[in-house]
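*Asks:* got a sequence here, can you build the structure:
(2 chains)
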Amino acid sequence: MTTLSIPRPDKSTRTVVLVWAALTVITIVAWRLAPGHADSAGLSDGLVAGIVVLAMIKCRLVIRYFMEVRYAPRWLRLATDGWLLVLWVTLLGIYLY
Amino acid sequence: MTVSDRDLPDTARPPAEPTTRLPGDLDMWVMILGDLFFFGCYFVAYMIFRARSPEAFAAAQQHLNMGIGVANTVVLLTSSMFAASAVAAARSGAVRTARRLILATGACGLIFAALKAVEWHQEISRGFTVSDEFFSFYYVLTGVHLAHVALGLLILGVVDRELRRRQRVAFVEQGVLFWHMIDLLWLVIFAIVYLMR
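*Replies:* This is a model prediction of the structure:
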C-alpha cells in the first residue's frame, strides 16, 4: 500500500516548526502593539504589561520546547520558571513604579 | 487468577511514559543558569537606571531601528528552529541533514551579527554613542550578547565537527542548548530595549 509507505512527518520536527511559527507571530504582534512613535510619557501601563506577558510566553516556549526543559527533571523546570517569573515581575515592577 | 502487571513479560507491557531526562549535561546547565542569572542582574540594573530618568530613556529609544530589531528577532528564532531540528535529525541518525541544519543555524547567526553591525553603524554615525546613558546600556547589552553569538558560532563549528566524526548526540544537544540560550537572552533584550519605551 503506497499510503502506508509515505513517511509520517517527524513529530518533534513538526512541534519545533509550530513553536517557531507561534514565536514569530507573537513577535510581530508585540511589535505592532508598540506604537512607532510613543510620546515622551512612554507607553500606557496596560500596553507594557501586555508586552511583558508576550515576552514571558516567548521565553517559556524557547525554554520548554527548544531547550526541551519540558522533559527535564523537576529542579530544572523550577529553576527556569523561577528565573522567568522573578526576572519579569521585577522588570515590570520597576517599570511601573 | 488475575494477571498483574508484574506477571507480564517486559515486551508485553505498554510503553512507559517518557521519564524525565536532562537535555545536554549538567555542566552546560550550570553555565546556562549562571549566564541567565548574570544577564538577569544586568537587565534589572538597566531597568533601575531607566526608572530614574524614564523620559530621557524613552526619547533615546525612539532612535532605535525597530525594523532591524524585529528582523533580528525573527532571524534568531529561525536559527533556533534549525538548531532544534538538527538535534532531532541527529537523534534519528540523519547526520547529513543535521549538518545542513547546523550550517543553516550558523548562517542565521552571521546574518544576526551583520544586521547588528549595520544597526550600530547607523546609531554611531547619527551621533548616538556611549555618552548617552541609554545608548551606553544599549551598546554593552547588545555587545555582550553579540560576544555570546560569536562564541555560539564557534560552538556550532565544534558541533559540526562532532557530527562529521563521532556523532555523539549528547554533544550536539549540548552545543545547541547554548545556542537556544542566546536566543532566549535576545528575546528579553528585544522586549526591554526596543519594546518597553
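*Asks:* and for A:Leu84, nearest residue in space, chain neighbours not counted?
*Replies:* Distances taken as CB to CB, 6 or more residues apart in numbering or on different chains place A:Cys59 nearest to A:Leu84, at 5.6 Å, with adjacent residues excluded. All C-beta spots, glycine's among them, are computed from the backbone N, C-alpha and C.
*Asks:* in terms of contact, does the one you found touch B:Trp186 like I think?
*Replies:* No - the criterion here is CB atoms under 8 Å, and A:Cys59 misses it with B:Trp186 at 10.3 Å.
*Asks:* from chain B, how far off is A:Val52?
*Replies:* Separation of A:Val52 from chain B (CB to the nearest CB, to the nearest Å) stands at 7 Å.
*Asks:* can you show me the CA trace of the helix or strand containing that residue as PDB?
*Replies:* Element membership for A:Val52 (DSSP states H and E) is helix A:45-61. Taking Å, rounded to 0.1, in the frame of the first residue of the first chain, the C-alpha atoms of helix A:45-61 are listed here in PDB:
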ATOM      1  CA  ASP A  45       0.900  50.700  31.600                       C
ATOM      2  CA  GLY A  46      -1.500  48.200  30.100                       C
ATOM      3  CA  LEU A  47       0.400  48.100  26.900                       C
ATOM      4  CA  VAL A  48       3.700  47.500  28.700                       C
ATOM      5  CA  ALA A  49       2.100  44.700  30.800                       C
ATOM      6  CA  GLY A  50       0.900  43.100  27.500                       C
ATOM      7  CA  ILE A  51       4.400  43.300  26.000                       C
ATOM      8  CA  VAL A  52       5.800  41.700  29.200                       C
ATOM      9  CA  VAL A  53       3.300  38.900  29.200                       C
ATOM     10  CA  LEU A  54       4.000  38.200  25.500                       C
ATOM     11  CA  ALA A  55       7.800  38.200  26.100                       C
ATOM     12  CA  MET A  56       7.400  35.800  29.000                       C
ATOM     13  CA  ILE A  57       5.300  33.400  26.900                       C
ATOM     14  CA  LYS A  58       8.000  33.600  24.200                       C
ATOM     15  CA  CYS A  59      10.800  32.900  26.700                       C
ATOM     16  CA  ARG A  60       8.900  30.000  28.200                       C
ATOM     17  CA  LEU A  61       8.300  28.500  24.700                       C
END
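*Asks:* OK, contacts around residue 47?
*Replies:* Since no chain was named, I'll use chain A. Neighbour list for A:Leu47: A:Leu33, A:Ala34 [criterion: CB atoms under 8 Å, 6 or more residues apart in numbering or on different chains].
*Asks:* not quite, I wanted chain B
*Replies:* Applying CB under 8 Å, 6+ apart to B:Met47 gives the contacts A:Thr90, A:Leu91, A:Ile94, A:Tyr95, B:Ile192.
*Asks:* how does it look with 6 Å?
*Replies:* Listed by CB atoms under 6 Å, 6 or more residues apart in numbering or on different chains, the contact partners of B:Met47 are A:Leu91, A:Ile94.
*Asks:* and the helix or strand containing it, which residues are buried?
*Replies:* Using DSSP H and E, B:Met47 sits in helix B:26-52. The neighbour-count check on helix B:26-52 (16 or more other CB atoms under 10 Å in any protein chain shown) flags B:28-29, B:32, B:35-36, B:39-40, B:42-44, B:46-47, B:50 as buried.
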